[in-house]
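In: Return a 3D structure for these sequence lines:
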Amino acid sequence: MEQDQPHLFDGVLGESSDDRISRDEIFEVLSNPRRRCALYYLKRHADQRVGLRELVEHVAAWENDTVPSQLGSDQRKRVYTALRQSHLPKLADVGIVTYERDRGEVELTANARQVEWYLERVPKHDIPWSEFYLGLSAVGAALVVVTWLEVGPFAGLSGLTLAAILVGLFAVSAAVHTYDAARNRIGAEEFEVGEP
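Out: Below is the predicted model:
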């Protein structure tokens with residue numbers, strides 16, 4: 001089933017690998033904001049190798065809520081040391097990136113697409129989509145019952161009209177879900193660096 005699903009990384013990372021990354025490894029990798037920021041930046045540049053200095057500048061700018069040109073050398077050095085010695089080797093060990101330490105280059109691997117499934121977040125005041133669809137199914141079932149019992153305004157509804165209403169409800173919900181999922185991916189806005 002996963003093979004049929006569209007992936008954010010399709011078309012830029014080549015064929016997927018048979019190497020499966022465990023769920024625990026993915027959660028451990030994504031538990032660190034610096035690694036998430038690095039992955040987000042690499043995802044945006046997935047069609048190329050990224051230089052370590054370029055990656056450091058982006059992560060440091062995000063952490064300090066500024067732009068790369070406003071960074072101090074201490075801010076860069078702190079991020080450089082952590083990425084070079086800890087975070088990038090960790091991502092490489094798991095198989096999400098290829099990290100060429102000697103050349104100072106980083107690149108996402110085909111295995112990075114396995115992380116995509118874990119990047120959707122649920123904002124604080126939203127309900128999970130699974131609960132929303134369960135509720136929508138209950139509403140659909142109630143519509144079927146009141147139409148079958150010919151209650152109130154549903155008394156004259158034909159089966160085809162009822163089916164069209166139900167399909168329309170699910171189609172609109174699926175469209176909103178698709179938009180919301182894209183907007184709420186970790187990193188979609190979390191790691192953008194703009195003018196202060």
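
In: Show me what the longest helix along the chain packs onto, helices and strands only.
Out: The residue-count maximum for a helix in the chain (DSSP state H) belongs to helix 159-183. For helix 159-183, the packing partners by 3 or more C-beta pairs under 8 Å, 6 or more residues apart in numbering; DSSP states H and E come out as helix 129-148. Placement of C-beta: from N, CA and C, glycine included.

In: Domains of this structure: list them as residue ranges, please.
Out: Taking automatic domain parsing as the domain assignment, the ranges for the chain are 2-116, 129-183.

In: Rebuild the ones you listed as a markdown table, extending it with mean neighbour count.
Out: Compiled in a markdown table, those are given as follows (neighbours: other C-beta atoms under 10 Å):
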| stretch | mean neighbour count |
| --- | --- |
| domain 2-116 | 16 |
| domain 129-183 | 12 |
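
In: Redo those domains as a markdown table? Include mean pLDDT.
Out: What follows is the domains of the chain, written out as a markdown table (pLDDT from 0 to 100):
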| stretch | mean pLDDT |
| --- | --- |
| domain 2-116 | 83 |
| domain 129-183 | 86 |
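
In: quick one: the helices in the chain?
Out: 23-30, 33-44, 52-63, 73-82, 88-94, 113-116, 129-148, 159-183.

In: who touches the residue nearest to Leu83 when sequence neighbours are not counted in this structure?
Out: With sequence-adjacent residues excluded and distances taken as C-beta to C-beta, 6 or more residues apart in numbering, Leu83 is closest to Val56, at 6.0 Å. The contact partners of Val56, by C-beta atoms under 8 Å, 6 or more residues apart in numbering, come to Arg76, Val79, Tyr80, Leu83.

In: just Trp129 next, same as before
Out: When contacts are counted by C-beta under 8 Å, 6+ apart, Trp129 touches His177, Asp180, Ala181.

In: hmm, 6 Å instead?
Out: His177 (C-beta atoms under 6 Å, 6 or more residues apart in numbering).

In: Tell me the spacing between it and Phe154.
Out: The gap separating Trp129 from Phe154 is 27 Å, by C-beta to C-beta, to the nearest Å.

In: Ser69 too?
Out: 63 Å.

In: and what of Ala141?
Out: 13 Å.
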